[in-house]
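Peer 1: Provide a 3D model corresponding to the input given below.
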Amino acid sequence: MPRFAALFAGLACLATATAVFLTGCGSIHTAPMPSATVKLTPNPPKIYIAPFDTSTAKWLVGREGADLVNYKEDFQTNFAHQLEVRLMKLAPTEQRWVNDLPDHGWLVAGEFVTVFQGSRAFRTAVGGGMGETTLQTNVYVYDLDVSKTQYVLAFRTGVPEAGSDTGAGSGSAPSGLSALGEPVSTAMGLGSGLKLDTTRTCREIAAILAQYK
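Peer 2: Residues are numbered from 1 along each chain as shown. A predicted model of the protein is given here:
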């Protein structure tokens, strides 16, 4: 029994340290980016989704090499599909890559910042928010009637503190975005925590854009 108690205490300490390092695991909030004078044109005829960039994120998912590459492709594909389903409620939506854009509508692009699968063992044994998953993204929205290279709305999802629901920004396309190719469509093998975070994040993005429609 003493040995089990010591082991449990060690796990609790490690879980606490992990929570401190990854403050806000499992939360879905948005944080604003710098203000911009340009506003989104309301009632877009169509919304386009570019694949979110996977190249600069922190991928804490217990994989490496080819396994990690395949996981990123699967995650990117699934995220784009779920976001498309959500945005269809605002306007006709389709996935489109940045080298083939029309002159009207909105383009939703972005990048993954942190993808952390958490620990099911900690969530089960310790509780209290220990071992929760984290999904953070930067989202950039382009008004194609205005510019195909300068976004007019930007916000982050999954930040620890509850910021404002929306934010506007102006700048160049996210680094690496233009180099993205068509994602590989394969079956998902994701943990339930990140599946839930993906759904919540896509719902959050749709709710923010609905305020500009």
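Peer 1: burial count for the closest residue to Ala210 other than its chain neighbours?
Peer 2: Of all residues not flanking Ala210 in the chain, Leu90 sits nearest, at 5.9 Å (Cβ to Cβ, 6 or more residues apart in numbering). C-beta coordinates here come from the backbone N, C-alpha and C atoms, glycine included. Residues lying near Leu90 (other Cβ atoms under 10 Å) number 17.
Peer 1: which residues of this structure fall in helices?
Peer 2: 2-21, 65-87, 120-125, 192-210 (DSSP state H).
Peer 1: what about the protein, any weak spots by pLDDT?
Peer 2: 1-38, 119-132, 160-192 (pLDDT under 70).
Peer 1: could you redo the last one with a cut-off of 90?
Peer 2: Filtered on pLDDT under 90, the chain yields the residue ranges 1-41, 97-100, 117-134, 158-194, 212-213.
Peer 1: just to revisit the earlier point, isn't the residue nearest to Ala210 up against Pro45?
Peer 2: No. In this structure, Leu90 is not within contact of Pro45 by Cβ atoms under 8 Å, at 11.5 Å.
Peer 1: so what's the closest residue to Leu153 other than its chain neighbours bridging to?
Peer 2: Nearest non-adjacent residue to Leu153, counting by Cβ to Cβ, 6+ apart: Val141, 3.9 Å away. Listed by DSSP bridges, the beta-bridge partners for Val141 are Val108, Leu153.
Peer 1: tell me the contacts of Val141?
Peer 2: Going by Cβ atoms under 8 Å, 6 or more residues apart in numbering, Val141 touches Leu40, Trp106, Leu107, Val108, Ala109, Tyr151, Val152, Leu153, Ala154, Leu209.
Peer 1: Thr134: which of these is nearest?
Peer 2: Comparing the contacts of Val141 against Thr134 with Cβ to Cβ places Ala154 closest, at 20.0 Å.
Peer 1: who touches the closest residue to Arg203 other than its chain neighbours in this structure?
Peer 2: Excluding the flanking residues, the one nearest Arg203 by Cβ to Cβ, 6+ apart is Arg86, at 6.0 Å. Counting by Cβ under 8 Å, 6+ apart, Arg86 makes contact with Cys202, Arg203, Ile205, Ala206.
Peer 1: hang on, the first one packs against Phe79?
Peer 2: What that stands for is Cys202. Yes. Cys202 lies in contact with Phe79 (Cβ under 8 Å); the separation is 7.1 Å.
Peer 1: looking at those two, which one has more neighbours?
Peer 2: Between Cys202 and Phe79, Phe79 has the larger neighbour count (other Cβ under 10 Å), namely 26 against 22.
Peer 1: residues contacting the more buried one?
Peer 2: With Cβ under 8 Å, 6+ apart, Phe79 has these contacts: Phe52, Thr198, Thr201, Cys202.
Peer 1: who are the contact partners of the second one?
Peer 2: For Thr198, the residues meeting the contact criterion (Cβ under 8 Å, 6+ apart) are Phe75, Asn78, Phe79, Gln82, Leu135, Leu190.
Peer 1: kind regards, and thank you for your time.
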